[in-house]
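Engineer: Task: produce atomic coordinates for the following.
(one chain, ligands or ions: 1)
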Amino acid sequence: MLHEFIVRLATESVDEAIEKLNAFGVYNLYYEPPIEIYQVENGYDYREIEQKYAELKIYAEEDSLPGLPQTYFTRIKQALNVPKEAIRYREVDEQQWNTAFEDIDLENGWVLCYSGSEDKYPNKQVLKFEPQAAFGTGLHETTQDCLRILLSTDLSGQTVLDLGTGSGVLSIAAGLKGAHSLTAVDYEPVEREIRLNAELNNLQQPLQVEKADLLTGDYRIKEHYDLIIINIGAEETRKILDRHLLAEKSSTFLISGIVEWNVESVVADFHEKGFFIKEKRQANEWVTILFEKTA
Ligand SMILES: C[S@@+](CC[C@H](N)C(=O)[O-])C[C@H]1O[C@@H](n2cnc3c(N)ncnc32)[C@H](O)[C@@H]1O
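Structural biologist: Prediction:
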């Protein structure tokens, strides 16, 4: 059984609310902005629907804390400074809730396992994962195709930079493939989620999580990495590459979040910078490409 709390907030205050709740020891947070699909020239794209209010969902497992649900009521009230009436509460059947996430066989010898039942896969390797609030639960095509490529690549001893890390699932995959160190960057407050899943997978290598906007402000990527991952989108990728002079900072890029009608321009950009396509995957309209620098 799970305890579910729902708080209605002004949409622009969701990020701040997540940070405050984390500071009060309230973690399992879910916020899914509604999206609308719209037609573009050669297919479909999507955008978040602008809404004044958002519903932030918070879950606590039975027996995870003494005194539930009252303990969480108090923490949520204090963290967000809202009256008790602003918090909706109900008990949820864990089995039913879990069915939103079914384990995914990535068909490369790896399973993305939400169920905690890795014993079901004696002949596979398992990336254990507890979805939280950040993008990167594993349900999106781009995450899955990045995982297919990463988990089929030996990254022993490599330094990996994961831009737009979200849940950190790609960094964790890189860690499981032997990366020497991991740096994960996002402008959302994702560190706690990433560390939770890194621990679940018993990752031992250094993992640095940085909260920064890659497109505005003073943050700059200075070091060189063996592999840079960007799953954000075509336009953002181009801007991030230029702003941080990334083509000089790695000879391998895993790029995703590219819708098929933008692929040509992204590939042209990488060609111009001296990269060729090592591997390309597509799921629905989403394209994922591994680029390597020409020798
Ligand atoms: C499509 S999700 C990818 C998440 C995860 N890497 C995966 O592959 O599933 C893109 C992520 O990039 C982050 N992001 C988007 N624009 C950003 C920016 N300008 N600076 C930092 N992070 C950004 C978002 O918060 C989101 O977590």
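Engineer: and the chain, which residues reach the ligand?
Structural biologist: Within the chain, the residues that sit near the ligand (C-beta under 6 Å from any ligand atom) are 134-136, 142-143, 146, 164-166, 169-170, 186-188, 213-215, 231-232, 236, 257. Yep, even glycine has a C-beta here, placed from its N, CA and C like the rest.
Engineer: how about low-confidence regions in the stretch 101-250 of the chain?
Structural biologist: 133 (pLDDT under 70).
Engineer: change it to 90
Structural biologist: 101-102, 114-119, 130-140, 188-189, 192-193, 233 (pLDDT under 90).
Engineer: All the helices of it, residue numbers only.
Structural biologist: Listed in chain order, the helices of the stretch 101-250 of the chain (DSSP state H, counting those that start in this stretch) span residues 141-150, 169-176, 191-200, 234-243.
Engineer: As CSV, those helices with distance to Tyr30 and mean neighbour count would be great.
Structural biologist: Output for those, formatted as CSV (distance: least, C-beta to C-beta, whole Å; neighbours: other C-beta atoms under 10 Å):
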stretch, distance to Tyr30, mean neighbour count
helix 141-150, 17, 23
helix 169-176, 16, 28
helix 191-200, 11, 19
helix 234-243, 24, 17
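Engineer: Looking at these, which is nearest to Asp119?
Structural biologist: helix 191-200 (15.2 Å; C-beta to C-beta).
Engineer: hmm, who's touching the closest one?
Structural biologist: For helix 191-200, the external contacting residues (C-beta atoms under 8 Å, 6 or more residues apart in numbering) are 22, 27, 128-130, 132-134, 165, 167-169, 171-172, 175, 184, 207, 209, 211.
Engineer: Mind giving me the PyMOL select for the residues you listed, buried ones only?
Structural biologist: Buried members of these can be picked out in PyMOL with the line below, counting by 16 or more other C-beta atoms under 10 Å:
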select buried, resi 22+27+128+129+132+133+134+165+167+168+169+171+172+175+184+207+209
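Engineer: circling back: just checking, which of the residues of the chain next to the ligand belong to strands?
Structural biologist: Members of the residues of the chain next to the ligand lying in strands (criterion: DSSP state E): 186, 231, 257.
Engineer: Not counting sequence-adjacent ones, nearest residue to the first one?
Structural biologist: So that's Asp186. Leaving aside its sequence neighbours, Asp186 sits nearest to Thr165 (C-beta to C-beta, 6 or more residues apart in numbering; 4.8 Å).
Engineer: Spit out the contact partners of that neighbour.
Structural biologist: Residues in contact with Thr165 (C-beta under 8 Å, 6+ apart) are 136, 171, 184-186, 190, 194, 209.
Engineer: rerun that using 10 Å as the cut-off
Structural biologist: 134-136, 171-172, 182-186, 188, 190-191, 193-194, 209-210, 229-231 (C-beta atoms under 10 Å, 6 or more residues apart in numbering).
Engineer: before we move on, back to that, CSV for the ones in strands among the residues of the chain next to the ligand, including neighbour count?
Structural biologist: Shown next, in CSV, are these (neighbours: other C-beta atoms under 10 Å):
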residue, neighbour count
Asp186, 26
Asn231, 27
Gly257, 23
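Engineer: I'd assumed Ile58 was in contact with Gly25.
Structural biologist: No - contact criterion C-beta atoms under 10 Å: Gly25 and Ile58 do not qualify, at 11.6 Å.
Engineer: Mind checking which of these two has more residues around it?
Structural biologist: A direct count of neighbours by other C-beta atoms under 10 Å for Gly25 and Ile58 places Ile58 higher, at 24 against 11.
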